[in-house]
Each structure stands twice: as C-alpha cells, then as structure tokens.
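> predicted model and sequence below, questions to follow.
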Amino acid sequence: MSVVRRPARDSVWIAVAPGVVAVLGLTVNLVAAAAALAGLALVGVATDRASRRGVTLGSGLVFGALLFAGVQGAPPPILLLVTAATVVMWTTAQHVVGLADHLGRDAPVRRSVLVHAGGATITTLSAGTLALAVYLFASASLPTSVLVFLLVGSALLLYALEP
C-alpha cells in the first residue's frame with residue numbers, strides 16, 4: 001500500500017481560513033486586496049499539492065499586499081490583524097504540508113492542525129496586541145514609517161525561522 005503525500009482537503013481549508021481574514025482586512029485598499037486574494041489562492045493550491053515553496057510564495061504575496069496597504073495609509077490596527085492572519089496562514093499551511101509529507105492523506109490530522117492553528121492565533125494576536133499598544137503609546141513621538149519597519153522586521157524573522 002502506498003502513501004499519498006498530499007494533505008487531506010479539510011486540513012487545507014483550515015490552513016487557508018486565516019488568509020480569508022487577511023484578504024478581508026485588506027479591502028481597505030483594492031490593489032492590496034486583489035494581490036492578497038491571488039496570494040491566498042496560491043497558498044491554497046500549494047498547500048493542496050504539498051509545496052512548501054508555493055506556500056511561502058503565496059504568503060509572501062499576501063505580506064507584500066499588506067506592506068503596500070501600509071504604505072498607502074491603512075490603519076495600524078488593521079495592518080496588525082492582517083499580519084497576524086498572514087502569519088497564522090503561513091505557519092499552519094507549512095504544518096499541513098509537513099504532516100502530509102510524513103503521514104500522508106489518510107492520516108487523522110485534523111486535531112493537530114486545529115491545535116496548531118489555535119496556538120499560532122493566540123500567540124500572534126498576543127504579540128500583535130502588545131505591538132499595537134506600544135505603537136499607540138509611542139505614536140506621538142514616532143513617525144508612521146516605524147510600523148512599516150516593524151512589519152519588515154517581522155517578515156525577516158519569519159523567513160529566518162522557516163523550516
């Protein structure tokens with residue numbers, strides 16, 4: 001009996017669900033929303049085909065749309081929510097691809113994927129809330145470009161942590 005090295009469909013849906021939140025958050029800018037939607041579609045297809053590179057490229061496209069929206073003046077709370085959703089989508093999709101590679105399509109992994117997504121959501125929203133509080137507290141003395149640098153720093157950190 002051979003193992004199909006692709007994820008179960010319900011795992012793919014769980015992985016891309018946070019990306020829907022990111023796309024909806026980026027509707028404050030139509031160009032950013034269109035780019036994020038393309039990135040979300042790429043993440044969905046790449047996750048279904050168990051492609052780590054495709055997941056990273058699609059998530060990078062969503063993150064690029066986020067940066068574009070930030071430069072265009074999107075509100076910081078929306079940017080931080082979209083950042084958290086993008087990170088959760090990326091890490092959950094990578095987790096789903098890893099499970100598919102190791103266990104195959106028929107393994108019961110729904111609980112693992114849900115726990116991973118929940119933990120990632122709690123962690124990123126906590127970090128985002130703290131970052132937003134610091135930004136709002138210090139916003140009187142710091143330029144808005146600080147938020148863009150914070151987002152770029154977050155992206156570089158995630159890239160360094162990629163499996």
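Received the coordinates, thanks.
> so who does the residue nearest to L114 when sequence neighbours are not counted touch?
The shortest distance from L114 to any residue other than its chain neighbours is 6.4 Å, reached at I14 (CB to CB, 6 or more residues apart in numbering). Where C-beta positions appear, they are placed from N, C-alpha and C, glycine not excepted. Listed by CB atoms under 8 Å, 6 or more residues apart in numbering, the contact set of I14 reads 92, 96, 110, 113-114, 117.
> quick one, helices of this protein?
9-25, 30-48, 52-71, 76-103, 110-138, 145-161 (DSSP state H).
> helices or strands up against the fifth one?
Using 3 or more CB pairs under 8 Å, 6 or more residues apart in numbering; DSSP states H and E as the contact criterion, the secondary-structure elements in contact with helix 110-138 are helix 9-25, helix 76-103, helix 145-161.
> residues contacting the residue positioned nearest the centre of the chain?
Centroid-nearest residue in the chain: T86, 1.9 Å away (criterion: CA atoms, centre = their mean). Residues in contact with T86 (CB under 8 Å, 6+ apart) are 18-19, 22, 59, 62-63, 66.
> at 10 Å instead, please
18-19, 21-23, 25-26, 36, 39-40, 43, 59-63, 65-66, 124, 151, 154-155, 158 (CB atoms under 10 Å, 6 or more residues apart in numbering).
> can you check L80 too?
Taking CB under 10 Å, 6+ apart as the test, what L80 contacts is 25, 66, 124-125, 127-132, 135, 147, 150-151, 154.
> same check, this time on R9
If you count contacts by CB under 10 Å, 6+ apart, then R9 has 48, 105 around it.
> what pLDDT does it get?
Listed pLDDT for R9 reads 79.
> residues near T124, how many?
21 (other CB atoms under 10 Å).
> now do L114
Number of residues near L114 (other CB under 10 Å) recorded here: 14.
> any idea how far it lies from P108?
12 Å (CB to CB, to the nearest Å).
> still on that earlier bit, on the pLDDT front, check the residue nearest to L114 for me.
pLDDT, read off for I14, is 91.
> buried ones in stretch 47-57?
47-48, 50-52, 54-56 (16 or more other CB atoms under 10 Å).
> give me the lowest-pLDDT entry from those.
Among the buried residues of stretch 47-57, A50 carries the lowest pLDDT, at 89.
> who does the worst-scoring helix or strand of the chain on mean pLDDT touch, helix- and strand-wise?
Among the helical and strand segments of the chain, the one scoring lowest on mean pLDDT, DSSP states H and E is helix 145-161, with a mean of 71. Secondary-structure packing of helix 145-161 (3 or more CB pairs under 10 Å, 6 or more residues apart in numbering; DSSP states H and E): helix 52-71, helix 76-103, helix 110-138.
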